[in-house]
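Undergrad: Pasting the sequence and the predicted coordinates here, then a few questions.
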Amino acid sequence: MAFDYDPENIFAKILRGEIPNSTVFENEHALAFRDIAPQAKVHVLVIPKGSYVSLDDFAANASAAEQAGFFAAVAEVCRSEGVEEGFRAIANTRAHGVQDVPHFHMHILGGEPLGRMLPPRSQN
Ligand code: AMP
């Protein structure tokens, strides 16, 4: 599958420093910042610095160093945000996953009980 990256997406602009963000952590390959519209007490987005559209694009095409750097950032966010009692990691993807920003990002949500991930299918 080909992954077409739009360099005008809002997270690309954040990475270029064109719009501000509330940075939590940064390393060579990843940036973590607070979601502008938090859906839990802790709501941090972790993004790779490379141009990847989605989790499957990143998993298929990012180098081992980029993948390691990304997950090192995830680990640091979990440590520094104090989510020892648990958290949820979400990567909304394309239309069915309702992905709004077409630059791969992982939501880290926690700091309070989050409830079940989705209602049972019979209630949809
Ligand atoms: P998704 O629907 O998974 O693509 O999530 C995109 C997320 O990006 C949403 O939770 C938004 O609140 C968040 N968001 C959009 N613009 C910004 C921004 N400028 N800074 C921080 N978070 C943002």
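TA: Happy to help now that I have it.
Undergrad: So for stretch 54-63, what gets flagged as buried?
TA: Neighbour counts over stretch 54-63 (16 or more other Cβ atoms under 10 Å) mark 54-55, 57-58, 62 as buried. C-beta coordinates here come from the backbone N, C-alpha and C atoms, glycine included.
Undergrad: Name the nearest residue to residue 69, ignoring sequence neighbours.
TA: residue 29 (2.7 Å; Cβ to Cβ, 6 or more residues apart in numbering).
Undergrad: That should have said residue 12, apologies.
TA: residue 103 (5.8 Å).
Undergrad: Then residue 25 would be within a strand, right?
TA: Yes. Counting by DSSP: H, G, I helix; E, B strand; the rest coil, residue 25 is part of a strand.
Undergrad: In the sheet, which residues pair with the closest residue to it other than its chain neighbours? Tell me.
TA: Computed as Cβ to Cβ, 6+ apart, the closest residue to residue 25 that is not its neighbour in sequence is residue 32, at 4.3 Å. Bridge pairing for residue 32 (DSSP bridges) gives the partners residue 25, residue 46.
Undergrad: quick one: residue 32 and the ligand, what's the gap?
TA: 11 Å (Cβ to the nearest ligand atom, to the nearest Å).
Undergrad: likewise residue 88?
TA: 13 Å.
Undergrad: need the longest helix for this protein.
TA: helix 64-80 (DSSP state H).
Undergrad: show me the contacts for residue 83.
TA: Residue 83 makes contact with 42, 108, 110-111 under the criterion Cβ atoms under 8 Å, 6 or more residues apart in numbering.
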